[in-house]
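> this one's sequence-less:
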């Protein structure tokens, strides 16, 4: 009988339950105590594996980055490292935040937590290097990291919906224009990409992405748990 890593199994189960609660009930409304109760585990035992709720959010954000990018690339239909996918991703996120209070709470929490914000900036800088390196051969890795500090601020402002603020379309158009300007994209290309994004049903895409992500996280963790348990045989 193969030995099973009980620590890894426990961590996977914690992530599975916490992720479901974050995406169904809301990150802010979910407490460590509620997660531990759902798991029938003591709070002390849970925090042994994850010191805080932010660390659990970080585990979820790591998964979200690759999942969302893959979906947006397929929707954009311009290849994995496409400018259009970057534009569509922000539009879909903004739509999610306007239409779904739980999604808004989740995304804004990821941008206000220092732990998860660093993950977002790191992942997005790596992706930006893939997309823009050909057009910006003089840029270094540090240039892309510094750019993403500005970009993440623009993204956060775009997701912050307000009752009397600019319309969703205006926020998306303004944000995309400023982000592409940071990466020295020519004006004509900026207008073209923004027009294409606004012509798409980004509200539908956003709604589906959030729903599909919840299913993906649940299935992904269940499969990982089953794979570990199968080693007992």
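Looks like it came in fine. What you see is a predicted model; the values in this text were computed from it and never measured.

> any weak-confidence spans in the chain?
Of all residues in the chain, those with pLDDT under 70 make up the ranges 1-5, 66, 68-69, 71-73, 75-81, 220-233.

> Helices of that one, start to end?
Taking DSSP state H, the helices of the chain run over residues 6-25, 32-39, 43-49, 53-76, 83-99, 101-112, 114-132, 141-159, 168-182, 187-199, 202-230.

> In TSV: the ones you listed, plus mean neighbour count.
(Each C-beta comes from the backbone N, C-alpha and C, glycine too.) Below are those laid out as TSV (neighbours: other C-beta atoms under 10 Å):
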stretch	mean neighbour count
helix 6-25	18
helix 32-39	16
helix 43-49	14
helix 53-76	18
helix 83-99	23
helix 101-112	18
helix 114-132	17
helix 141-159	17
helix 168-182	18
helix 187-199	14
helix 202-230	16
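
> any idea how far residue 123 is from residue 130?
Residue 123 sits 11 Å away from residue 130 when distances are taken as C-beta to C-beta, to the nearest Å.

> can you check residue 106 too?
Distance of residue 106 to residue 130, given as C-beta to C-beta: 26 Å.

> need the contact list for residue 166.
Remark: with contacts taken as C-beta atoms under 8 Å, 6 or more residues apart in numbering, residue 166 is in contact with residue 174.

> how far away is it from residue 143?
Using C-beta to C-beta, one obtains 30 Å as the distance from residue 166 to residue 143.

> just residue 12 next, same as before
From residue 12 to residue 143 the distance is 37 Å (C-beta to C-beta).

> Over to residue 119?
Here the criterion is C-beta to C-beta. By it, residue 119 lies 20 Å from residue 143.

> And for residue 126?
In this structure, residue 126 lies at 13 Å from residue 143, with C-beta to C-beta as the measure.

> and what of residue 219?
Residue 219 sits 38 Å away from residue 143 when distances are taken as C-beta to C-beta.

> Then residue 154?
17 Å.

> residue contacts, the closest residue to residue 30 other than its chain neighbours?
For residue 30, the nearest residue in space outside its immediate sequence neighbours is residue 21; the separation is 4.5 Å by C-beta to C-beta, 6 or more residues apart in numbering. By C-beta under 8 Å, 6+ apart, the contact set of residue 21 is 30, 34, 35, 38.

> repeat for residue 58
The contact partners of residue 58, taken as C-beta under 8 Å, 6+ apart, are 113, 115, 116, 119.

> likewise residue 190?
Remark: with contacts taken as C-beta under 8 Å, 6+ apart, residue 190 is in contact with 176, 177, 180, 181.

> Can you name the residues that contact residue 90?
Per C-beta under 8 Å, 6+ apart, neighbours of residue 90: 155, 158, 172, 175, 176, 179.

> ah, wrong one, I meant residue 160
So, once contact is read as C-beta under 8 Å, 6+ apart, residue 160 ends up touching 97, 108.

> Same list, the contacts of residue 190, but as JSON lines with distance to residue 64 please.
Converted to JSON lines, the contacts of residue 190 look like this (distance: C-beta to C-beta, whole Å):
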{"residue": "176", "distance to residue 64": "20"}
{"residue": "177", "distance to residue 64": "25"}
{"residue": "180", "distance to residue 64": "23"}
{"residue": "181", "distance to residue 64": "26"}
